[in-house]
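1. Quick one: sequence and predicted model below, then my questions.
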Amino acid sequence: MAMEIKNVVLVHGAWADGTSWSKIIPLLKSAGLTVTAVQNPLTSLADDVATTKRAIALMDGPVLLVGHSYGGAVISEAGAEAQVARLVYVAAFAPDVGQACGELGQDLPPAPGGAELRPDAAGFLKMTDKGIAEDFAQDLPMAERELLAATQGPTNVASLGGKLSAAAWKSKPTSYVVATEDRMIPPELERRFAKAMNAITISLASSHVPMLSHPKEVAELIIRAASGAAAA
């Protein structure tokens, strides 16, 4: 019988923070799960992995690790921890060992959102309000898009250029949410990731943030994975 997991660690992506899981957390808690959403500094892949590993270590028992966008790279690395039993990727990158997010999908047309990133003098990238509204979260109410623009986490280029030394998806059961209207990661690239990891996969007609535009469906997949149903 598949093992049931009671602990979930949610890992946000670039140009975001832990509040990107605000609609998912109540649904998971109502299902009896213990939930932590990390607050990654987005300063480097190593820093974000270390932050996520600390959250994992504080959980009592096996952990289901969930990553969105760039957070998929973080959970691929941090997921090698013995405490992590399963992984869920939400419109997320899934690099292999030796790969970085910024290197993936170069054979595909660039995602429109990439043109809306602006660097500062310290090497951090921020997305324009236009990029958030039209490419990051185009299917959310405008008030929610404006909130995402105001609370986004500027992301250092070192995070997107960090190469993985472990790829937990190669050895642990996975699930994947493909966002078919994604303008940040090409949906075709998401499908490739899901196929490579042989993931239990759902497709949603969503922007890059399905956990905000389709929280019920995303939460249901996470709950299934925690119960072992998605891994059976």
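-> Good, I have the coordinates. Numbering: from 1, shown residues only.
2. Can you show me the helices along this structure?
-> Under the criterion DSSP state H, the chain contains helices at 24-30, 45-57, 71-78, 129-131, 142-151, 157-161, 187-196, 210-213, 215-227.
3. Could you pull up the residues touching the nearest residue to Asp48 once chain neighbours are set aside?
-> For Asp48, ignoring the flanking residues on the chain, the nearest one in space by C-beta to C-beta, 6 or more residues apart in numbering is Asn40 at 4.1 Å. To be clear about C-beta, it is placed using only N, CA and C from the backbone, and glycine gets the same treatment. By C-beta atoms under 8 Å, 6 or more residues apart in numbering, the residues touching Asn40 are 11-12, 17, 47-48, 51-52, 71, 74, 153.
4. ok, now Ser165?
-> Neighbours of Ser165 in contact, by C-beta under 8 Å, 6+ apart: 77, 97.
5. Can you tell me the centre-most residue of the protein?
-> His68 (1.2 Å; C-alpha atoms, centre = their mean).
6. Pretty sure that one sits against Val11.
-> Yes: His68 is in contact with Val11 according to C-beta atoms under 8 Å; the separation is 7.0 Å.
7. Where does the prediction get shaky in this protein?
-> Residues of the chain that meet the criterion pLDDT under 70 lie in 1-3, 229-232.
8. now Val38: how far from Leu148?
-> Distance from Val38 to Leu148, counting by C-beta to C-beta, to the nearest Å: 18 Å.
9. Same question for Arg54.
-> For Arg54 relative to Leu148 (C-beta to C-beta), the value is 25 Å.
10. more neighbours, the two?
-> Leu148 (22 against 12; other C-beta atoms under 10 Å).
11. which residues does the more buried one contact?
-> So Leu148 contacts 16, 20, 132, 136-137, 140, 209 (C-beta under 8 Å, 6+ apart).
12. Pull the most distant pair out of the residues you listed.
-> Using C-beta to C-beta, the contacts of Leu148 reach their maximum pairwise distance at Ala16 and Leu140, which is 12.9 Å.
13. So the two - more neighbours on which side?
-> Ala16 (27 against 19).
14. Isn't the more buried one up against His68?
-> Yes: using C-beta under 8 Å, Ala16 is in contact with His68, at 7.2 Å.
15. who does the residue nearest to the centre of the chain bridge with?
-> Beta-bridge pairing for His68 (DSSP bridges): Val90.
16. ok, now which ones touch it?
-> Counting by C-beta under 8 Å, 6+ apart, the residues that His68 touches are 10-13, 16, 20-21, 90-92, 209, 211.
17. and which of those is nearest to Ile202?
-> Of those, the one sitting nearest to Ile202 (C-beta to C-beta) turns out to be Val90, at 10.1 Å.
18. check contacts around Leu45.
-> Counting by C-beta under 8 Å, 6+ apart, Leu45 has contacts 73-74, 77, 100, 158-159, 161-164.
19. now Val38
-> Counted by C-beta under 8 Å, 6+ apart, Val38 has contacts 9-12, 18, 51-52, 55.
20. Now with 10 Å, please.
-> Contacts for Val38 (C-beta atoms under 10 Å, 6 or more residues apart in numbering) come out as 9-12, 17-18, 21, 48, 51-56, 65, 67, 71, 74, 78.
21. One more: Ala50?
-> Ala50 neighbours (C-beta under 10 Å, 6+ apart): 40-41, 44, 74, 77-78.
22. about what we covered before: so can I have a markdown table of the contacts of Asn40 showing distance to Pro187 and neighbour count?
-> Listed next are those as a markdown table, based on distance: C-beta to C-beta, whole Å; neighbours: other C-beta atoms under 10 Å:
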| residue | distance to Pro187 | neighbour count |
| --- | --- | --- |
| Val11 | 21 | 32 |
| His12 | 20 | 27 |
| Asp17 | 24 | 17 |
| Asp47 | 29 | 17 |
| Asp48 | 24 | 30 |
| Thr51 | 29 | 18 |
| Thr52 | 26 | 26 |
| Gly71 | 18 | 28 |
| Val74 | 21 | 33 |
| Gly153 | 24 | 20 |
